[in-house]
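[1] All I have is the shape, not the residue letters:
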């Protein structure tokens, strides 16, 4: 008998191949079940609707199209949108900027600053709405990476304007209390729920991926929780380092397991 996980995986593959949402009725026909069953399976396994998953796929396709197309109009149709208006309305919401700005390499002004901590250089990039990126490592490498992602953005280092933010991040890196920081990151509805749940984990405590999934009312979405942790763009501010495996071991961490262990040790102390 086909399991909900298997049906969802098959449906996701269909939408990956289509490059965006596929009607629930079509998914149901392909899977040999009812549309209501498809909706239930997605709610149970991923905690998002089939349409939300398909929209996330189309957003990623949009990113690629904007990078490779000659015009925004070409990108709109390459990404499968039926109208330019729909493309602008949905893509702007999901990309965090207008499609034209993204196609131009994130044109605009972004402030950044850095602070050296015991776990490495912490580099933060901010929009007027909050932190868009917080990364740990070598400052030069991280800044080069950010310039590569948004080559047309004017990245301005302003240590004075970001002094309070960097102080808070330095405290978090050292395991000390700090105020909650505003963030400006884009993701799927489920990713946003995971990131919100991570911010509720107190310093000095950890949760397993299973516990996070259960807290969201979706106990079978453990893998989706792990993916959301892996795609977290704002280290420390969204403490994905506080999520561990069920056996107590440390799972992968974008900035290295040594950094993850150091953060947990300092918070536990």
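    All right, it came through fine. Treat the numbers as computed from the prediction; the structure is a model and nothing was measured.
[2] What is the neighbour count of the closest residue to residue 49 other than its chain neighbours?
    The shortest distance from residue 49 to any non-neighbouring residue, by CB to CB, 6 or more residues apart in numbering, is to residue 42 (5.8 Å). Any C-beta I mention is one placed from the backbone N, CA and C, and that applies to glycine too. Residue 42 has 25 neighbouring residues, counting by other CB atoms under 10 Å.
[3] Residue 240 against residue 229, yeah?
    Yes: between residue 240 and residue 229 a contact is recorded at 4.2 Å, counting by CB atoms under 8 Å.
[4] residues shared between the contacts of the two?
    By CB atoms under 8 Å, 6 or more residues apart in numbering, residue 240 and residue 229 have these common neighbours: residue 198.
[5] rewinding a little: give the contact list for the residue nearest to residue 49.
    Here residue 42 is in contact with 8, 11, 48-50, 53 (criterion: CB under 8 Å, 6+ apart).
[6] which of those lies closest to residue 19?
    residue 53 (12.5 Å; CB to CB).
[7] Could you measure from that closest one over to residue 142?
    Computed as CB to CB, to the nearest Å, the residue 53 to residue 142 distance reads 31 Å.
[8] And for residue 159?
    16 Å.
[9] Quick check: which element contains residue 145?
    Using DSSP states H and E, residue 145 falls within helix 139-149.
[10] ditto for residue 136
    strand 130-137.
[11] and the angle for that strand with helix 139-149?
    Angle between the axes of strand 130-137 and helix 139-149 is 130 degrees (criterion: axes from the mean of the first three to the mean of the last three CA atoms, to 10 degrees).
[12] contacts for strand 130-137?
    With CB under 8 Å, 6+ apart as the test, strand 130-137 has contacts from 96, 110, 119-126, 142, 145-146, 165, 169, 173, 181-185, 233-237, 255, 259.
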